[in-house]
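1. sequence and computational prediction follow.
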Amino acid sequence: GASKIQNAQPFTVRADGLGELAIGHNGNCINAREIRDALADEGVHFVTSSDTEVIAQAIAHAPGTSWDERITHALPTLVGAWSLVLLTPTALYAIRDPLGVRPLSLGRKGSSWLVASETSAFDTIGATFVRDVAPGEVLRIDDRGPVTIADLASHERRGLCIFEHVYLASASSRLGGVSVYATRERMGEILADEHPAEADAVIPVPDSAIPAAVGYARRSGIPFHEGLIKNRYIGRTFIQPSDELRRHNVALKYNALSDVLEGKRIVVVDDSIVRGNTSGPIVELLRRNGAKEVHLRICSPPIQHQCFFGVDMARRSELIGARLDVEGIRRHIGADTLGYLSLEGMVSATGGTRAEHCTACFTGDYLVPVQLELEKGVLEKEPA
């Protein structure tokens, strides 16, 4: 749904005979419109335009005399990627979609059980990581502890979103037992092999590209420096809801260190280019602060396809990688050279295989059939 207050999570709904259900959701239900229309025909009233409310109402109105029954009856009707946390009067549920696209982990602190999308959340509060919730697993946690009540996983394809490794996850997290920081360092090392540059300094676009820049500098032998300082109060730019807000935030987000840049040939390492609205202003900022040359290196392949599994990237027509080749992108952003990490290099850095990941935003190879013209605002008509 759109970025407005009524779509903010968590949501609560009431189920006849069982009480209230609270829900938090990371992902995207591709067939939310169809489910909502069917529920509306049965008289269910919706107050938001979020697929999270659709999931909650689907569970609340599913057949069954217990939460276990309603949850396990409703979930197989959902298509897409969804890590869910549900709270009922008697239990906490942690649920991961059968595709395993979005991460979800179980932790413990003393006698308390915790669920989080990132393992770094456990570190923050002094909790211990126990294990990942498996794809398709429905985990119920009550006063007796956690127990798996259903396994919805099929023998069809599954894969963790590789963009979690590239950008989304905290560098201090682990995905499938693999350090995100170490993966990004390896991405930088492989990028240095694939796209070397004659330069005087390697700088990252903070924060997500810092490990990759460290890896690039180490492999290339070019000194690592911090040439850009990030304003900590500005959020992620590519997921801002409008182009105007994205451009405004780029102008506020970074300050350049002219003492580091003056007269130098600079390798700038970034995690990805989505719309291309950030890279051009960064290149311009570096030149304005004395950089002699700017060589941009990207730790992922060109993003050419939109995401239907929970990352609010863009329509395909807005993705610069879908409209221009690498040379066209280089000219558009004004860099002296531009190099992207190969798909093979990116996957290799994770220590896994392509079959273990969703790479659809780079390849167009979606784990399940998708409606390519599906829009973020598909539920934005007046709620039923």
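-> That came through fine. Numbering: from 1, shown residues only.

2. the stretch 101-250 of the chain: strands as residue ranges?
-> With DSSP state E, counting those that start in this stretch, the ranges of strands along the stretch 101-250 of the chain come out as 105-109, 112-116, 128-132, 137-142, 145-151, 160-161, 174-175, 178-179, 201-204, 228-230.

3. quick one, longest strand in this structure?
-> In the chain, with assignment by DSSP state E, the single longest strand is strand 19-29.

4. which other helices and strands does that one contact?
-> For strand 19-29, the elements it packs on are strand 11-15, helix 51-60, strand 80-87, judged by 3 or more CB pairs under 8 Å, 6 or more residues apart in numbering; DSSP states H and E. For every residue, glycine as well, the C-beta is placed using N, CA and C.

5. strands paired with that strand, and their directions?
-> If you go by DSSP bridges, strand 19-29 pairs up with strand 11-15 (antiparallel), strand 80-87 (antiparallel).

6. before we move on, the earlier item: turn the helices and strands packed on strand 19-29 into CSV, including mean neighbour count, distance to Glu226 and mean pLDDT.
-> Output for those, formatted as CSV (neighbours: other CB atoms under 10 Å; distance: least, CB to CB, whole Å; pLDDT from 0 to 100):
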stretch, mean neighbour count, distance to Glu226, mean pLDDT
strand 11-15, 16, 41, 94
helix 51-60, 25, 38, 97
strand 80-87, 23, 34, 95
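
7. dump these into JSON lines; add distance to Ile329 as well.
-> Output for the helices and strands packed on strand 19-29, formatted as JSON lines (distance: least, CB to CB, whole Å):
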{"stretch": "strand 11-15", "distance to Ile329": "39"}
{"stretch": "helix 51-60", "distance to Ile329": "32"}
{"stretch": "strand 80-87", "distance to Ile329": "28"}
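
8. name the residues that touch stretch 303-314?
-> 26-28, 30, 80-82, 99, 101-102, 161, 163, 168, 238-239, 272-275, 315-316, 319, 321-322, 358, 360-364, 366-367, 370, 374, 376 (CB atoms under 8 Å, 6 or more residues apart in numbering).

9. with stretch 350-370 instead?
-> Applying CB under 8 Å, 6+ apart, the contact partners of stretch 350-370 are 30, 79-81, 99, 101, 156-163, 165, 176, 178, 183, 300-309, 311, 313, 343, 346-347.

10. what's the single longest helix in the chain?
-> helix 180-194 (DSSP state H).

11. now the end-to-end length of stretch 344-357.
-> End-to-end span of stretch 344-357 (CA to CA, to the nearest Å): 12 Å.

12. quick one: contacts for Val267?
-> Ala197, Ala199, Ala201, Val202, Ile203, Tyr216, Ser220, Ile222, His295, Arg297.

13. show me what contacts the residue positioned nearest the centre of the chain?
-> Centroid-nearest residue in the chain, with CA atoms, centre = their mean: Leu168, separated by 4.2 Å. Counting by CB under 8 Å, 6+ apart, Leu168 touches Cys161, Val311.

14. that one and Pro223, how far apart?
-> 29 Å (CB to CB, to the nearest Å).

15. where in the stretch 101-250 of the chain is pLDDT low?
-> Within the stretch 101-250 of the chain, the stretches with pLDDT under 70 are 155, 234-250.

16. let's see 90
-> 153-158, 231-250 (pLDDT under 90).

17. now the helix or strand containing Val347: mean pLDDT?
-> Secondary structure assignment for Val347, by DSSP states H and E: helix 343-350. Predicted confidence along helix 343-350 averages 98 (mean pLDDT).

18. buried ones in it?
-> Leu343, Gly345, Met346, Val347, Ser348, Ala349, Thr350 (16 or more other CB atoms under 10 Å).

19. rebuild the residues you listed as JSON lines, extending it with distance to Gly188.
-> Output for the buried residues of helix 343-350, formatted as JSON lines (distance: CB to CB, whole Å):
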{"residue": "Leu343", "distance to Gly188": "16"}
{"residue": "Gly345", "distance to Gly188": "10"}
{"residue": "Met346", "distance to Gly188": "11"}
{"residue": "Val347", "distance to Gly188": "15"}
{"residue": "Ser348", "distance to Gly188": "13"}
{"residue": "Ala349", "distance to Gly188": "9"}
{"residue": "Thr350", "distance to Gly188": "13"}
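
20. rewinding a little: would you format the strands of the stretch 101-250 of the chain as CSV with mean neighbour count and distance to Asp336 included?
-> Below are the strands of the stretch 101-250 of the chain laid out as CSV (neighbours: other CB atoms under 10 Å; distance: least, CB to CB, whole Å):
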stretch, mean neighbour count, distance to Asp336
strand 105-109, 18, 42
strand 112-116, 18, 42
strand 128-132, 15, 42
strand 137-142, 20, 49
strand 145-151, 14, 53
strand 160-161, 24, 32
strand 174-175, 22, 34
strand 178-179, 16, 33
strand 201-204, 26, 14
strand 228-230, 16, 17
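
21. mind putting the ones you listed into JSON lines with distance to Pro89?
-> Output for the strands of the stretch 101-250 of the chain, formatted as JSON lines (distance: least, CB to CB, whole Å):
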{"stretch": "strand 105-109", "distance to Pro89": "21"}
{"stretch": "strand 112-116", "distance to Pro89": "17"}
{"stretch": "strand 128-132", "distance to Pro89": "24"}
{"stretch": "strand 137-142", "distance to Pro89": "11"}
{"stretch": "strand 145-151", "distance to Pro89": "17"}
{"stretch": "strand 160-161", "distance to Pro89": "33"}
{"stretch": "strand 174-175", "distance to Pro89": "33"}
{"stretch": "strand 178-179", "distance to Pro89": "37"}
{"stretch": "strand 201-204", "distance to Pro89": "47"}
{"stretch": "strand 228-230", "distance to Pro89": "43"}
